[in-house]
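Asker: Any chance you could fold what I've pasted below:
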Amino acid sequence: MSHTPEPWEYGNDSIWSACNGEGNRMSEVAEFVRACDGNRIVACVNACAGLDNPAEAIAAAREALERAKWWLDEGSDDGCTCAESEYCSYCNKAVAVQRKIDDALAKLTPKQQP
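Answerer: Numbers count the residues shown, from 1 in each chain. You can find the predicted model right below:
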């Protein structure tokens with residue numbers, strides 16, 4: 001049994017499947033859903049569209065980013081040894097990439113529940 005196809009959308013206290021991709025509400029997936037929950041459910045389902053196993057895909061992305069970060073921090077013998085001089089283009093690029101990796105990892109890391 002397969003799940004209801006994407007994209008999904010939320011409206012009128014219900015979640016709808018717009019199977020034809022044109023935004024026409026084709027079938028109701030769930031009804032009597034609070035707006036805050038409905039919008040989150042729809043965002044998650046649509047973001048995971050096409051992924052056979054979203055949890056596995058996120059874990060693989062995290063691992064790849066962690067390896068890239070390690071390589072930039074410690075694993076590369078290439079490049080310069082100037083201790084990140086402000087004039088070194090290699091170091092400046094590496095720092096910029098590290099920041100992007102840190103931002104991506106933060107987005108992939110589950111938030112702690114209060």
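Asker: Return the list of helices and strands in contact with whichever strand or helix holds W16.
Answerer: Element membership of W16, judged by DSSP states H and E, is strand 14-17. Strand 14-17 makes packing contacts with strand 8-11, strand 27-31, helix 35-47 when contacts are defined by 3 or more C-beta pairs under 8 Å, 6 or more residues apart in numbering; DSSP states H and E. C-betas here are computed from N, CA, C, even on glycine.
Asker: Would you point out the helix or strand in the protein whose mean pLDDT is lowest?
Answerer: Ranking every helix and strand in the chain by mean pLDDT, DSSP states H and E puts helix 89-108 at the bottom, with a mean of 76.
Asker: Dump that one to CSV, restricted to CA.
Answerer: As requested, the backbone C-alpha atoms of helix 89-108 are provided in CSV (Å, rounded to 0.1, in the frame of the first residue of the first chain):
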residue,chain,number,x,y,z
SER,A,89,42.3,32.7,-0.2
TYR,A,90,42.4,29.0,0.6
CYS,A,91,41.8,29.5,4.3
ASN,A,92,39.1,32.1,3.7
LYS,A,93,37.2,29.7,1.4
ALA,A,94,37.6,26.9,3.9
VAL,A,95,36.1,29.1,6.6
ALA,A,96,33.2,30.1,4.4
VAL,A,97,32.5,26.4,3.6
GLN,A,98,32.7,25.5,7.2
ARG,A,99,30.1,28.1,8.1
LYS,A,100,27.8,26.7,5.4
ILE,A,101,28.3,23.2,6.7
ASP,A,102,27.6,24.3,10.2
ASP,A,103,24.4,26.0,9.1
ALA,A,104,23.2,22.9,7.2
LEU,A,105,24.0,20.6,10.1
ALA,A,106,22.0,22.9,12.4
LYS,A,107,19.0,22.6,10.1
LEU,A,108,19.3,18.8,10.0
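Asker: Counting by contacts, list what that helix packs against.
Answerer: Counting contacts by 3+ C-beta pairs under 8 Å, 6+ apart, helix 89-108 is packed against helix 54-70.
Asker: The helix it packs on: how far from the chain's middle?
Answerer: Centre-to-centre, helix 54-70 and its host chain are 11 Å apart (C-alpha atoms, centre = their mean, to the nearest Å).
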